[in-house]
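*Asks:* test case, fold it:
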Amino acid sequence: MTISVRYEHANDLKFMTEFMGLNRSEMLRELIDEGRKMKSIELYKQGKVSLGLGAKIARLSISEYIDLLKEYKVHINIDVDDAKKALEYARMNL
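*Replies:* Numbering: from 1, shown residues only. The predicted structure is shown next:
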């Protein structure tokens, strides 16, 4: 995949790669992974995704996702449908 980065953002990326001690590809992968997690948290807080779908977007297990939500002090709202979906997702990923 090729990503075009505007000049001012390229400087930010250069700073981050030097600061973190990573090469450009590693830094971009890390930023994308973190962005995926943050977006899933935002969608979960807005009620747009279930616990299971949030975990899938974040590419985490349900328990890892619950830990992530707790880390960011997000209220975990689980209803019966969420619990069923979470169990289905967990069974599919065993």
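*Asks:* packing partners of the helix or strand of the chain with the lowest mean pLDDT?
*Replies:* Ranking every helix and strand in the chain by mean pLDDT, DSSP states H and E puts helix 7-20 at the bottom, with a mean of 73. The contact analysis (3 or more CB pairs under 8 Å, 6 or more residues apart in numbering; DSSP states H and E) places helix 7-20 against helix 24-45. For glycine as for every other residue, the C-beta is placed from the backbone atoms N, C-alpha and C.
*Asks:* okay, buried residues for the helix it packs on please.
*Replies:* 27, 28, 37, 40, 41, 43, 44 (16 or more other CB atoms under 10 Å).
*Asks:* what of stretch 87-94?
*Replies:* residue 89.
*Asks:* and for that stretch, what's in contact with it?
*Replies:* Under the contact criterion CB atoms under 8 Å, 6 or more residues apart in numbering, stretch 87-94 has outside partners 52, 55, 56, 61, 62.
*Asks:* could you do stretch 42-61 as well?
*Replies:* Here stretch 42-61 has contacts from 33, 36-37, 39-41, 62, 64-66, 68-69, 74, 76-78, 81-82, 85-86, 88-90, 93, using CB under 8 Å, 6+ apart.
*Asks:* what comes up buried for that stretch?
*Replies:* 43-44, 49-58, 60.
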